[in-house]
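Student: model this:
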Amino acid sequence: MMRQRKFVIGITVILMILMSFTACLGKYDGYKLVELPEIGSFYVPQEWECIQEGDFVYFTSGPSDKATISLSDCYMLGTLHNERVSSYEAVSSVINIEEIEQITSEVYSNSVFLSESRVEMNGRVVTMYSLECLVTYDERFSFIVLDGSIDPAVLKLIGKSFDRVNFEK
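Tutor: Next up, the predicted model:
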């Protein structure tokens, strides 16, 4: 009787481990890993292209033949900035944007913040998402989501996948 019980418990534990491993395998199907030197890595949808230009990182639908990136072709715009500057202030040199109020915010265990905010952009008030990734004690890498059609579940996956290179206090 005792031997059967140990066997059942052993099989149950093995099955639980296999099920949790299998559940993790498909989490990022259809996504690719993007690595930004000295910042970190994260997963984005497979069809997105990551283009670095100056201090900014653009995520577009594919390679661009244009000399400069058009913001209308971008899903997200990212940049590294000081912790005391908001995500929107960090990109204000490229986009005329100002945060009015934060609507919701989530924090993940990897020190990533997903926020939904009401912003004024080019004279219009719109709702916009941002992802802020803590890179060092006083630096953040922020993404402003320019395409309102991106599902917040996709943003959560991107945010939860962030793995910073180094963290120095």
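
Student: would you indicate which residues of the lengthiest strand in the chain are buried?
Tutor: Secondary structure of the chain per DSSP state E: the longest strand is strand 124-136. Across strand 124-136, burial judged by 16 or more other Cβ atoms under 10 Å covers 128-136. (Each C-beta comes from the backbone N, C-alpha and C, glycine too.)

Student: possible to save those as JSON lines with pLDDT?
Tutor: Output for the buried residues of strand 124-136, formatted as JSON lines (pLDDT from 0 to 100):
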{"residue": "M128", "pLDDT": "91"}
{"residue": "Y129", "pLDDT": "92"}
{"residue": "S130", "pLDDT": "91"}
{"residue": "L131", "pLDDT": "92"}
{"residue": "E132", "pLDDT": "92"}
{"residue": "C133", "pLDDT": "91"}
{"residue": "L134", "pLDDT": "89"}
{"residue": "V135", "pLDDT": "88"}
{"residue": "T136", "pLDDT": "85"}
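
Student: how close does the nearest residue to L80 once chain neighbours are set aside sit to C133?
Tutor: Excluding its sequence neighbours, the residue lying closest to L80 (Cβ to Cβ, 6 or more residues apart in numbering) is F141, at 5.0 Å. Using Cβ to Cβ, to the nearest Å, F141 is found at 5 Å from C133.

Student: do the same with E116
Tutor: 17 Å.

Student: any stretches of this protein with poor pLDDT?
Tutor: 1-2, 6-26, 62-70, 72, 166-169 (pLDDT under 70).

Student: now do the helices in it.
Tutor: 2-25, 87-90, 152-161 (DSSP state H).

Student: circling back: give me the common contacts of F141 and C133.
Tutor: Counting by Cβ atoms under 8 Å, 6 or more residues apart in numbering, the contacts common to F141 and C133 are 39-40.

Student: quick one: contacts for V94?
Tutor: So V94 contacts 56, 71, 77 (Cβ under 8 Å, 6+ apart).

Student: and A90, by the same measure?
Tutor: 79, 81, 142.

Student: out of these, which are inside strands?
Tutor: Counting by DSSP E, these contribute 79, 81, 142 to strands.

Student: which one of those has the most neighbours?
Tutor: S142 (24 neighbours; other Cβ atoms under 10 Å).

Student: excluding chain neighbours, give the residue nearest to it in space.
Tutor: Using Cβ to Cβ, 6+ apart, the closest residue to S142 is S87 (3.7 Å).
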